[in-house]
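Enquirer: One predicted model, sequence on top.
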Amino acid sequence: MPSVDSSALYPFGFGQSYTTSEYSNLRISADAVNAAGEVIVRVEVKNTGTRAGDEVVQMYVKCLTSAVERSKKELRGFQSIPLRPNKTRTVWLPLKGTDLTYWHGGNQGFVVKPDRLRIVLGASPADVPLEKTIKVKEK
């Protein structure tokens, strides 16, 4: 059977902007989140081009020590923002503990288990220049 390239021809957010942008100053409101909690992820985005454009800021997560196999990157938030040339905006994206649930066959339900969670932000799944790791707590 021939191999199949499963990468997307055009990643999510492709073609939204006619300019270039730069991501910086990634901040997370806490170093841990639990099933009932929430953290706020903030990032600064600057239009480094000469034209106005829209940027789709995307937040992906990766569970680093999960007991079950998970996706390489799971989209957990995004926001489209207009940016004028040489302007910077701070984008706030909430990440709830309930956004981290997965099906656990032994429990026959959705669960949040302790883990280390890498949060990455960028313009597409192929372009995520910023990342930080936090802890996931069960309770």
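Expert: Structure's in. What do you need? Residues are numbered from 1 along each chain as shown.

Enquirer: From here on, just use CA atoms for contacts and neighbour counts.
Expert: Fine.

Enquirer: Tell me the pLDDT of the most centrally placed residue in the chain.
Expert: The residue lying closest to the centre of the chain (Cα atoms, centre = their mean) is M59, at 1.6 Å. For M59, the model assigns a pLDDT of 96.

Enquirer: Quick check: the gap between the nearest residue to V120 once chain neighbours are set aside and T101.
Expert: Computed as Cα to Cα, 6 or more residues apart in numbering, the closest residue to V120 that is not its neighbour in sequence is E131, at 4.2 Å. Per Cα to Cα, to the nearest Å, E131 is found 21 Å from T101.

Enquirer: just M59 next, same as before
Expert: 16 Å.

Enquirer: what do you get for A67?
Expert: 13 Å.

Enquirer: These two: which has the busier surroundings?
Expert: Of the pair A67 and T101, T101 is the one with more neighbours under other Cα atoms under 10 Å, namely 14 against 11.

Enquirer: The more buried one contacts V111, correct?
Expert: Yes. At 5.1 Å, T101 and V111 qualify as touching, with contact defined as Cα atoms under 8 Å.

Enquirer: Quick check: what element follows the lowest-mean-pLDDT helix or strand in the chain along the chain?
Expert: Within the chain, no helix or strand scores below strand 102-104, which has a mean of 78 by mean pLDDT, DSSP states H and E. Counting by DSSP states H and E, the element after strand 102-104 in chain order, helix or strand, is strand 109-111.

Enquirer: nearest residue to L100 other than its sequence neighbours?
Expert: Nearest to L100 is V112, by Cα to Cα, 6+ apart, at 6.2 Å.

Enquirer: Tell me how many other residues surround the one you found.
Expert: By other Cα under 10 Å, neighbour count at V112 equals 20.
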